[in-house]
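A.B. asks: Okay, sequence plus prediction incoming.
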Amino acid sequence: MSFTFRVDLRGVVDLLSHHLYATPRVYVRELLQNAVDAITARRLEEPRARGEIWFEPADGVLRVHDTGIGLTEAQVHELLATIGRSSKRDDLGFARHEFLGQFGIGLLSCFTVADEIRVVTRRGDEPTVLWTGFSDGRYAVELPERQRDEPGTTVTLVPRRGEEHWLSGRTVRELAGLYGSMLPFEVRVGDEPVAAGLPPWERDPAESPAARRARLTAYAREAFGFEPFDMIDLSAPEAGVRGVAFVLPAPANPAVRVAHRVYLKQMLLSEGIEGLLPPWAFFVRCVVDTTELRPTASREALYDDGLLEQVRDTLGDGLRGWLTRLGTTDPVRLRQFLEIHHLGVKALAVHDDEMLRLVHEWWPFETNVGRLTLAEFLDRYAVVRYTASVDEFRQMGSVAAAQQIPLVNGGYVYDAELLSRLSAAVPGAAVEELTPADLTLRLDQLPPADEVALRPFQALAQRILDRQGVEVVVRSFDPAGLPALYLLDGDAALQGDMRRIRDGSDELWSSLFDAFTSGPEQRPQLVLNHRNPLTRQAMHTGDEELTTYAIEGLYTQALLLARQPLTPAATAAFNQSFLGLLTRAMGGRA
Ligand SMILES: Nc1ncnc2c1ncn2[C@@H]1O[C@H](COP(=O)(O)OP(=O)(O)OP(=O)(O)O)[C@@H](O)[C@H]1O
C-alpha cells in the first residue's frame, strides 16, 4: 500500500520564507521578478504591450502594479495556491528560457515581511480575481465586483507587526533601485523612476573611451567602494554573459572568497555570487549580466553545472589575455599591477605556463646581487640558482655572493614551485636549487697538513657543540671577515622540530613522532672560517676554557646572523660565553 506525504503548510511557509533567503530584502527582487516575467509572457502574445512596474508604498501597505499577462481564476487556484507550481516551466518540467523564475516559491518570500498578501489580477478579457494568502497557510479566492481597468496584476503586502520598515517608501526605493535599476522596463517607486542609465556592460557608440572609463569608475566606486586600478571587459557568449571586471587597487587576501554582482536578464540576482571566476582571480570584482546561467532557488548562488564551469574558463581566459596584452603594450603598468597582485599572478603561474613566462619576464625577485627578473638573471648568469626558503637565503646569500654564486631567494610563497618548473615554460632556462650542503661542498677544504693539526681542536669543538646538536666543520672561505656560518637545511630543520616535540610529549605521541625521526639524523652545521683571523686564533688558544667560550660565542653569533631563534640551550651557551669572556677580559676567572 502506498501513501502520499502530508505537509504541514505553516511549517513549509515558514521554512521557505524565513530560511531559504539570507535576508528579507529579497522580497522586492521576487516581486520585481514576477512582474518582469508577467510582462515577458504578455509580450510573447502582444509584442507591443506596455512594460511598466510601479511600486506604490502608501496607507501602511505596499502595492506593486504590473502591466503583465495576469491570471485567470483557474490559474490563480493552480499557480498561486500550490507551493512549487510555476507557469515558467515547460511540459517536461524544465525552466523556460525566457523567464527569470522557475521554482514556484518566490512569492512566499513576501511572508518574511508581510502577514497577508493580496493579488488582484486580470488576464485578457477574463474577470478580475482577488486571491488573499495568509502566512499561516490559508488562502481565499474571490471575484470582486470592481474590475481592473486593464490586464495586469497588483500585489498588495500588508506588513507584519514590527516589520513595517521593510515596506517604507525609503526602503522600497532603495531596494527597487538595487535590484531593478538596469531592467529594460519602466520601473517606478511612487513617481520616481529607478532607472540608473546605461548598464556597465553596455557600450554606447557615441561615448568616448574616456567618458566610458569615467562612467565605469563611478560605478565601481558606488557598487564596490573602490577606485579600480583598471577595468576589463568580459564576455562569455555561450551563457550570454557580458560584464566588466574591476581590478582592485590594493592587494586582496587570496583566502577570502571573492563575491561578484550578477544580473540575470538585467535584474540583480545578488551582490554576493561566488564561483563565477577561477579561484586565482582574486584581484578583481565583477559585474556581469547573464541570460543563460541558472540561479539556485534562493538566487544567492549559481548552479555549479557544466555551463558555469565553461563560463569560468572563458572569463579566466579573458583576464589572462588582459595580463599578457599589458606586458606587450604597457610594461610599466604591468609592473605596477604585479607590485599589488603578484601573489594572485604567481598562484596562477603555478599551473599556467603563459603566466609563468610573464612572471619570468616581469617580476623582480630578491637575489644576492640585487632585485632582478628571472629573465635578467638568466641573461647575466646563465643559471638560476635558488634557495627553497627565506631562512636559507638569509644564511647563504652573502657567503654565496663572496664565492661568486649569484643566488635567488625562492623562499616566498609559490616562488620555489615556480622556479622548479621554470624550464618547462621557458625553453633553455637552467635552474638549480642550492642547499646548505651544496654550499659547504663549494667552500674550500683546508690543506691536509692544517686539517691534521686542527684535529684536537675540532674534536673539542664538536664535544662542546654536541650539546646543541650541531656538527662542526672547518673550511676556508670569503668573506674573510665572517668568523662562522650557521647552515640548516629544510629537512634538518623539520627533523629538529620533530625531535624537540617528541622529547617534550608523552609516550603515545613520542612513539608516533619516533616514526618520523627514525632516519639518519641530519644536523645543522657550524662552518668555522679558517680565513678569519679571530676564528684562527680561537683554534690555537691552548686553553680549553677559553676555547669553549670562543666556540659557544661564535656559534650563538652565527645563529643570530642566520636569524634563527635561540633555544634554551643556545641561550645558556650565549650567557656562559659572554660572562666567561667578560670575566677573563677583566682579568678574573669564571
Ligand atoms: N505579478 C504576477 N503576474 C502574473 N502571474 C504571477 C505574478 N506573480 C506570480 N504569478 C504566478 O504565480 C506563480 C508562482 O509565483 P512564484 O513567485 O511563487 O514562483 P515563480 O516565479 O514561478 O518561481 P520562483 O520561485 O523561481 O520565483 C508564477 O509562476 C506565476 O505564474
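C.D. replies: Yep, it's here.

A.B. asks: tell me which parts of this structure are close to the ligand?
C.D. replies: Contact residues (CB under 6 Å from any ligand atom) of the chain with the ligand: 30, 33-35, 38, 66, 68-71, 79-80, 86-88, 101-107, 153. Placement of C-beta: from N, CA and C, glycine included.

A.B. asks: quick one: average pLDDT of stretch 568-577?
C.D. replies: Per-region confidence: stretch 568-577 scores 95 on mean pLDDT.

A.B. asks: Next, the buried residues of it.
C.D. replies: 570, 573-574, 576-577 (16 or more other CB atoms under 10 Å).

A.B. asks: try stretch 579-590
C.D. replies: 580-581.

A.B. asks: what's the answer for stretch 41-54, then?
C.D. replies: For stretch 41-54, a neighbour-count test (16+ other CB under 10 Å) marks 41-43, 49, 51-54 as buried.

A.B. asks: among those residues, which are in helices?
C.D. replies: 41-43 (DSSP state H).

A.B. asks: what's in contact with stretch 296-308?
C.D. replies: Here stretch 296-308 makes contact (CB atoms under 8 Å, 6 or more residues apart in numbering) with 20-22, 26, 29, 103, 105, 238-239, 262, 269-270, 272-276, 292-295.

A.B. asks: out of the ones in helices among the buried residues of stretch 41-54, who's nearest the ligand?
C.D. replies: Using CB to the nearest ligand atom, Ala41 is the member of these that lies nearest the ligand, at 7.4 Å.

A.B. asks: for the stretch 101-250 of the chain, what spans make up the helices?
C.D. replies: Along the stretch 101-250 of the chain, counting by DSSP state H, counting those that start in this stretch, helices occupy 169-180, 209-224.

A.B. asks: err, the stretch 451-590 of the chain, not the other one
C.D. replies: Secondary structure of the stretch 451-590 of the chain (DSSP H, counting those that start in this stretch): helices at 490-503, 507-517, 533-538, 544-561, 568-585.

A.B. asks: which strands and helices sit next to the shortest one?
C.D. replies: Put plainly, it is helix 533-538. Contacts defined by 3 or more CB pairs under 8 Å, 6 or more residues apart in numbering; DSSP states H and E place helix 533-538 against helix 544-561.

A.B. asks: tell me which residues in the helix it packs on are buried?
C.D. replies: For helix 544-561, by 16+ other CB under 10 Å, it's 547-559, 561.

A.B. asks: which residues touch the spatially closest residue to Glu164 that is not a sequence neighbour?
C.D. replies: With CB to CB, 6 or more residues apart in numbering as the measure, Gly60 is the residue that lies nearest to Glu164, at 7.2 Å, once sequence neighbours are left out. By CB under 8 Å, 6+ apart, Gly60 lies in contact with 158-159, 164, 167.

A.B. asks: okay, now the residue in the stretch 251-400 of the chain that the ligand sits nearest to: neighbour count?
C.D. replies: In the stretch 251-400 of the chain, the residue that lies nearest the ligand is Ala297 (6.4 Å; CB to the nearest ligand atom). For Ala297, the number of neighbouring residues by other CB atoms under 10 Å comes to 15.

A.B. asks: And it, how close does it get to Leu308?
C.D. replies: From Ala297 over to Leu308 the distance is 16 Å, taken as CB to CB, to the nearest Å.
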